[in-house]
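> turn this into a structure:
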Amino acid sequence: ELQEQLQVELSRKEKAAHESDQQDARFQDALSERSKQLAEAEAANEEVTKERDDLKVKMTELQEQLQVELSRKEKAAHESDQQDARFQDALSERSKQLAEAEAANEEVTKERDDLKVKMTELQEQLQ
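Residues are numbered from 1 along each chain as shown. Take a look at the predicted model:
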């Protein structure tokens, strides 16, 4: 009977050891799968990180280009404003000169008309 109990106990322990080995194998498989998933996730993370870094570089380049373009446009607008101001000054000067010329012309015309009247009077006196 003792031998029978020992046999039962041995059988139970062998079964438990076998189950434990199977569970260890399952854990090992799961660990292996998790390690594989971790490696894939790290590889994907590296790829995304590289893509992000590349996008940051591209974004910086585009911001610099935008700044250069904005600066160029501001300079062009300023130059255009300066040219407009020069044209406005020239136009004002021409308008002033035109007014002076018209005034001088009116004066000369009046002198001419006065001289014509005097000439007519002198011609009448001579006759």
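
> helices of the chain, start to end?
2-126 (DSSP state H).

> what ranges in it fall below the confidence cut-off?
Applying pLDDT under 70 to the chain flags no residue at all.

> which residues does Glu79 contact?
Glu79 is in contact with no residue at all, counting by CB atoms under 8 Å, 6 or more residues apart in numbering. The way it works is simple: take the backbone N, C-alpha and C, and place the C-beta from them, glycine included.

> ok, now how distant is it from Asp89?
Applying CB to CB, to the nearest Å, the value for Glu79 to Asp89 is 16 Å.

> could you measure from Leu115 over to Leu122?
Leu115 is 10 Å from Leu122, by CB to CB.

> again, but for Glu79
On the measure of CB to CB, Glu79 and Leu122 end up 63 Å apart.

> then Glu46?
112 Å.

> next: Lys75.
Distance, Lys75 to Leu122, using CB to CB: 69 Å.

> and for Arg86?
With CB to CB as the criterion, Arg86 and Leu122 are 53 Å apart.

> tabulate the CA atom coordinates of stretch 61-75 in CSV.
Only the C-alpha atoms of stretch 61-75 are listed here, as CSV (Å, rounded to 0.1, in the frame of the first residue of the first chain):
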residue,chain,number,x,y,z
GLU,A,61,13.8,74.5,-44.8
LEU,A,62,10.3,75.6,-45.9
GLN,A,63,10.1,78.1,-43.1
GLU,A,64,13.5,79.5,-44.2
GLN,A,65,12.3,79.7,-47.8
LEU,A,66,9.1,81.4,-46.6
GLN,A,67,11.0,83.9,-44.6
VAL,A,68,13.3,84.7,-47.6
GLU,A,69,10.2,85.1,-49.8
LEU,A,70,8.4,87.3,-47.3
SER,A,71,11.5,89.4,-47.0
ARG,A,72,11.9,89.7,-50.7
LYS,A,73,8.2,90.7,-51.1
GLU,A,74,8.5,93.3,-48.3
LYS,A,75,11.6,94.7,-50.0
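
> I appreciate the help and will end here.
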